[in-house]
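*Asks:* Build me a model from this:
(chains A and B)
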Amino acid sequence: MHIDIDRGRCEGYGVCVQSAPDLFDLDDEGDPVILRADVDGDLTDAAALAERSCPMQAVQTT
Amino acid sequence: MTTTEASRSTYSTDLDLFSDEVLLDPFPHYRHLRDLAPVVYLSKYDLFGLFRYDQVRTALNDWETFSSAQGVALNPIANEAWKDSILCMDPPRHRTIRKVFDDALRPKFVRKVAGDLDVQAHEIVDELLAQGEFDGVTDFAHRLPVNVVMDLVGFPRDENRKKILGWAEGSFNFAGPLGDRQTASLPGAQAQLEYLINNASVDKLLPDSFGRVVYGAAEKGEITQEEAVTMMIGYANAGLDTTINAVAATLWLLAVNPDQWQAVRDDHKLVPSAFLEGIRMESPAQFFSRVTTRDVEIEGITIPEGSRVLHSYGSANRDERHYPDPDRFDAARNPVDTMAFDNGVHTCPGRTLASMEGHALFKALAEKVSSIELVEAPTWIPNSITRGPSTYRVRIS
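*Replies:* You can find the predicted model right below:
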């Protein structure tokens, strides 16, 4: 599974970090950082939760 | 008899959702409404209602169909009074105003202005530990939001601060359906507006505060003066009562679920999850509404264009179709996809701040407190929009 963030939509709420702390972080400016863009196994569940939980629908998985 | 009328009877209910009795214990009623149909018609209030998670979420994410531009409150007086509020706008106007709001609530700015929340949280916990027994709402839940939010917004440190909380509590009834509870809220709403215009004008606000940012944006012409005042009402109302309700409800749930408190004690990384779980179960804002911009069909039921549609955050968050065993407090559930903060363009801009406050308090508790014991059960006061205990006694050691 591949993870992407639409930076135009992201508002920096950090909900992805709480959904999947191994996959996402916020930098000092509050901008999102993808720690691992390609995941498999249990981490796909965490990535899917992050996608579902993003209030701005900025997280995308393919 | 037309087919439309015949079918409405299958999803219509005369339940008085806003009666004291229902508001004091809404959850069995929500379950009944969720089971009735994916869309219900509340005949007493001439409102359509969404009570299931999937339908609430879909509507909140579709602002083009479920518009906020005719207000989100449940009566015309509040919708007129709040017409310059970002709550009551759609993009693109919403986007411009929201930017000002968001700038003032970004984690980085909040950290700078709020000071060290962890230090303040530890002071509160130390004091209450020494005291032993205390009121979970006024002694615990009030303190951090009141100190932090009033300083962030920039309200002058004077005797008026004591009144701000009371106005905030009343202001949500102002948005409820017309009736005794709404009527009783009117003097407070008026007093709050007068305070904001006369006693919290830009020259009186604390330096480096949100309030200064907001009025600065008005000066630059990014927003209007009316929008600035309405935004101040938003901060004062939404930033206090909701966070207090979330903190108070979570502490109560931890007190009555000692095994879950033990789980948090064993693994402090569960603090954010446990706080969200409290918010899921006792969503501080239970309802708002939208108006449809076209006929919408949901599983065979048509909501006509121009209908006011209530959505229940509180019910969506207890939907067994989405959260297994929804009435159980599970500190490890981590319900980050909760609807409690709304979703889509109107997502709560204060989510980060509220989480920072809650995490600081419950982390401090987890580090120092082994048992939280309920001494006296909570008292609830019915509110048309919000939900939270008004008082209860706990003992910590």
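*Asks:* which residue is nearest the middle of the chain?
*Replies:* In the absence of a named chain, this looks at chain A. In chain A, the centroid-proximal residue (Cα atoms, centre = their mean) is A:Cys16; its distance is 4.5 Å.
*Asks:* try again with chain B
*Replies:* Taking Cα atoms, centre = their mean, the centroid of chain B lies closest to B:Ala285, which sits 3.4 Å from it.
*Asks:* Tell me the pLDDT of the residue in the stretch 201-350 of chain B that chain A sits nearest to.
*Replies:* With Cβ to the nearest Cβ, the shortest gap between the stretch 201-350 of chain B and chain A falls at B:Thr347, namely 3.6 Å. Where C-beta positions appear, they are placed from N, C-alpha and C, glycine not excepted. pLDDT recorded at B:Thr347 is 90.
*Asks:* rewinding a little: show me the contacts for the residue nearest to the centre of chain A.
*Replies:* Contacts for A:Cys16 (Cβ atoms under 8 Å, 6 or more residues apart in numbering or on different chains) come out as A:5, A:23-24, A:32, A:50, A:53-54, A:59.
*Asks:* Which strands or helices does the top helix by length along chain B pack on?
*Replies:* Counting by DSSP state H, the longest helix found in chain B is helix B:351-368. Using 3 or more Cβ pairs under 8 Å, 6 or more residues apart in numbering or on different chains; DSSP states H and E, the elements in contact with helix B:351-368 are helix B:107-114, helix B:117-131, helix B:143-153, helix B:241-256, helix B:258-266, helix B:271-281.
*Asks:* Need these in JSON lines (columns: mean neighbour count).
*Replies:* JSON lines is the format used below for the helices and strands packed on helix B:351-368 (neighbours: other Cβ atoms under 10 Å in any protein chain shown):
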{"stretch": "helix B:107-114", "mean neighbour count": "16"}
{"stretch": "helix B:117-131", "mean neighbour count": "16"}
{"stretch": "helix B:143-153", "mean neighbour count": "22"}
{"stretch": "helix B:241-256", "mean neighbour count": "25"}
{"stretch": "helix B:258-266", "mean neighbour count": "16"}
{"stretch": "helix B:271-281", "mean neighbour count": "24"}
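*Asks:* Out of those, which gets the lowest mean score?
*Replies:* helix B:107-114 (a mean of 67).
*Asks:* By proximity to chain B, which residue of chain A wins?
*Replies:* A:Pro55 (3.6 Å).
*Asks:* Look up how far B:Ala73 lies from the spatially closest residue to that residue that is not a sequence neighbour.
*Replies:* Spatially, and ignoring its direct neighbours in sequence, A:Pro55 is nearest to B:Thr347 (3.6 Å; Cβ to Cβ, 6 or more residues apart in numbering or on different chains). Distance of B:Thr347 to B:Ala73, computed by Cβ to Cβ, to the nearest Å: 19 Å.
*Asks:* Compare neighbour counts for those two and give me the winner.
*Replies:* A count of neighbours by other Cβ atoms under 10 Å in any protein chain shown puts B:Ala73 above the other of B:Thr347 and B:Ala73, at 27 against 19.
*Asks:* So the more buried one sits against B:Asn79, correct?
*Replies:* Yes. B:Ala73 is within contact range of B:Asn79, at 5.0 Å (criterion: Cβ atoms under 8 Å).
*Asks:* Chain neighbours aside, what residue packs nearest to residue 56?
*Replies:* Defaulting to chain A. Leaving aside its chain neighbours, A:Met56 sits nearest to A:Arg9 (4.7 Å; criterion: Cβ to Cβ, 6+ apart).
*Asks:* Oops, wrong one, chain B.
*Replies:* B:Ala316 (3.9 Å).
*Asks:* B:Phe298 pairs with what?
*Replies:* That one is not Phe; residue B:298 is Ile. Counting by DSSP bridges, B:Ile298 forms beta bridges with B:Ile301.
*Asks:* and it, what does it touch?
*Replies:* Contacts for B:Ile298 were tallied using Cβ under 8 Å, 6+ apart; they are B:38-39, B:55.
*Asks:* now B:Val256
*Replies:* B:329, B:374.
*Asks:* Can I get stretch B:263-282 in PDB? Just the C-alpha atoms.
*Replies:* This file holds the C-alpha atoms of stretch B:263-282, laid out as PDB (Å, rounded to 0.1, in the frame of the first residue of the first chain):
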ATOM      1  CA  ALA B 263      -4.500   0.100  31.700                       C
ATOM      2  CA  VAL B 264      -3.600   3.800  31.200                       C
ATOM      3  CA  ARG B 265      -1.400   3.700  34.300                       C
ATOM      4  CA  ASP B 266       0.400   0.600  32.900                       C
ATOM      5  CA  ASP B 267       1.000   2.300  29.500                       C
ATOM      6  CA  HIS B 268       0.900   6.100  29.500                       C
ATOM      7  CA  LYS B 269       0.900   6.000  25.700                       C
ATOM      8  CA  LEU B 270      -2.800   5.200  26.100                       C
ATOM      9  CA  VAL B 271      -3.600   8.700  27.400                       C
ATOM     10  CA  PRO B 272      -4.500  10.200  24.000                       C
ATOM     11  CA  SER B 273      -6.600   7.200  23.200                       C
ATOM     12  CA  ALA B 274      -8.400   7.200  26.500                       C
ATOM     13  CA  PHE B 275      -9.200  11.000  26.200                       C
ATOM     14  CA  LEU B 276     -10.600  10.400  22.700                       C
ATOM     15  CA  GLU B 277     -12.700   7.500  24.000                       C
ATOM     16  CA  GLY B 278     -14.200   9.800  26.600                       C
ATOM     17  CA  ILE B 279     -15.000  12.300  23.900                       C
ATOM     18  CA  ARG B 280     -16.500   9.600  21.700                       C
ATOM     19  CA  MET B 281     -18.800   8.300  24.400                       C
ATOM     20  CA  GLU B 282     -19.900  11.700  25.800                       C
END
